[in-house]
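Participant: What shape does this take:
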Amino acid sequence: MNLFNKVKWVLGILGVFLLVLATNRIDKNNFKRVEQSVDNIYNDRLLAKELLLEISLKFHKKELAYALNDTNYLQNKNQAINTKISELLESFNRIESTEKEELILKRLRRDHDDLIKLEKRLNKKDTLYTEKCEEIFADINTQLGELATEQVEEGKQQKFLASKALENVELFSQIEIYILLLLGIVLQLIILYTPKKN
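Facilitator: Have a look, this model is predicted:
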C-alpha cells in the first residue's frame, strides 16, 4: 500500500470518527433539552401546588366564616369566593394530572357543588355550621391533603425518572466515546501496519 492510499484511508476513517463524535455531541444536546423539558414538567407540579395552596386558603376562610356563623360573609363575600374556587379548580385542567389526581379533583368539585347547594338552602337565621356542612368541609380538607400528597409524590417520581434516564444517557455517551477512540486507534494501526516482505 503506497503513501497516498494510507493517507486516504486515515482521512476516511478520521472523517467517520469525527462524524460519529459530532453525532454523539448532538445527542448530548438533545438530551439536555429533554432534561429542561422534564424540569418544566416538574415546574407544572409546582404550579399545581400553588393552585392547591390558594384553593386551600379559600376553603379555610369559608370554613372559618361558617364556624363563626358569619352571615355577613355569606351575604357579601361568599359568591366571589365560590367563583374564585371554581376558577382555581378549573385551572387544574391546564396542568398535566395523574388519574388519581383527576379522581380527587372530581370529588373536590362535587363537594364544592354540594356546599354551594347547601348555602342556597340556608336562611339568614340558620346556624351555618351544620353537621352536613361539617362533613363536607371534612371531606374537602381530606381531599386537599390527598391532592397535596399526590402532587409531591408525582413531582418526585418525574424528577427521579428524568434523572435516571439522563444518568444512563451520560454513561452510554462516555462508553461510546471510549469505544470510538479504541476503534480509531485499532483501525489506524491496521491501516498503517505494513507487513515485512521476505
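
Participant: Show me where this structure dips below the pLDDT cut-off.
Facilitator: Along the chain, the model assigns pLDDT under 70 to residues 1, 19, 26, 29-30, 33, 36-37, 40, 42-43, 122-128, 190-198.

Participant: need the longest helix for this structure.
Facilitator: Longest among the helix segments of the chain by residue count, using DSSP state H, is helix 3-67.

Participant: ok now that one, how far from the chain's centre?
Facilitator: Per Cα atoms, centre = their mean, to the nearest Å, the displacement of helix 3-67 from the mean C-alpha position of its chain is 11 Å.

Participant: let's number from 9 now, not from 1
Facilitator: New numbering, starting at 9: the last item is helix 11-75.

Participant: CA atoms only: put whichever helix or strand comes after that helix into PDB for me.
Facilitator: Counting by DSSP states H and E, the next helix or strand C-terminal to helix 11-75 is helix 79-84. Extracted C-alpha coordinates of helix 79-84, given in PDB (Å, rounded to 0.1, in the frame of the first residue of the first chain):
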ATOM      1  CA  THR A  79     -73.800  35.800  57.900                       C
ATOM      2  CA  ASN A  80     -72.100  39.000  56.700                       C
ATOM      3  CA  TYR A  81     -69.500  36.800  55.000                       C
ATOM      4  CA  LEU A  82     -72.200  34.700  53.300                       C
ATOM      5  CA  GLN A  83     -74.100  37.700  52.000                       C
ATOM      6  CA  ASN A  84     -71.100  39.800  50.800                       C
END
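
Participant: in the next helix or strand after helix 79-84, what's buried?
Facilitator: The helix or strand immediately downstream of helix 79-84 is helix 86-99, counting by DSSP H and E. For helix 86-99, burial by neighbour count (16 or more other Cβ atoms under 10 Å) applies to 86, 89-90, 93, 96-97. From N, CA and C alone the C-beta is placed, and that goes for glycine too.

Participant: same thing with stretch 149-161?
Facilitator: 151-152, 154-156, 158-159.

Participant: for stretch 174-185, same thing?
Facilitator: Here stretch 174-185 shows residue 177 as buried, counting by 16+ other Cβ under 10 Å.

Participant: Just give me how far that stretch sits from the chain centre.
Facilitator: The answer for stretch 174-185 is 24 Å, by Cα atoms, centre = their mean.

Participant: who touches that stretch?
Facilitator: 28-29, 32, 35-36, 39, 42-43 (Cβ atoms under 8 Å, 6 or more residues apart in numbering).
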